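Colleague: got a sequence here, can you build the structure:
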Amino acid sequence: MNSEKDPFSFFDFTEVEAKALLAEVEVKEDVKGLICICGHPVGRHDESSGMTVCSAGKFSCPCKKIRAVVKVENARIFLRRTKGGGALHALSQGLLAARESGQKVEWLIEQKCDLCGEAKQLSPVPVTQRGFIVQEPTGYDRLLCMDCREGRA
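Modeller: I've put the predicted structure just below:
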């Protein structure tokens with residue numbers, strides 16, 4: 001072993017592996033402050049296995065696809081659990097905590113209903129894969145207007 005010429009000969013990983021891992025960490029840094037529609041930091045999501053895995057603190061979120069909707073200064077306060085739609089959704093709870101702590105919040109998307117496409121006030125809601133509104137996390141979340149939530153659209 002000649003560690004004077006190649007410092008990586010000392011390690012049980014290669015320089016190529018180190019660069020790849022560093023690049024992965026830097027990608028996570030790029031998502032700092034971004035919040036997914038599921039209500040959790042984008043940096044807590046992992047898509048390396050070909051599937052989305054969201055690790056929101058002490059529990060796992062069934063999020064199926066990353067969709068960054070908000071940017072905040074401190075994403076750590078967005079580790080909440082969805083208990084329903086509207087104010088009970090993890091996204092709403094995190095935004096409330098951000099506001100109470102005086103954080104700047106920036107919406108990254110247009111204020112349009114995910115179903116009818118109209119510019120209205122919205123609520124985050126968990127839905128089934130077929131789009132039915134439910135009161136528990138499913139991994140499918142939408143921002144819907146009241147008309148669409150109440151089936152009037």
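
Colleague: so the closest residue to Ala97 other than its chain neighbours, which state does it fall into?
Modeller: Distances taken as Cβ to Cβ, 6 or more residues apart in numbering put Ile77 closest to Ala97, at 4.3 Å, once the chain neighbours are dropped. To be clear about C-beta, it is placed using only N, CA and C from the backbone, and glycine gets the same treatment. Of the three states, Ile77 takes helix according to DSSP: H, G, I helix; E, B strand; the rest coil.

Colleague: for the residue nearest the centre of the chain, what are its contacts?
Modeller: Nearest to the mean C-alpha position of the chain, counting by Cα atoms, centre = their mean, stands Cys36 at 2.6 Å. Listed by Cβ atoms under 8 Å, 6 or more residues apart in numbering, the contact partners of Cys36 are 42, 45, 54, 63, 66-69.

Colleague: thinking again about what came up before, tally of neighbours for the residue nearest to Ala97?
Modeller: Neighbour count for Ile77, taken as other Cβ atoms under 10 Å: 19.

Colleague: correct me, but it touches Gly94?
Modeller: Yes. Counting by Cβ atoms under 8 Å, Ile77 does reach Gly94; the two are 6.1 Å apart.
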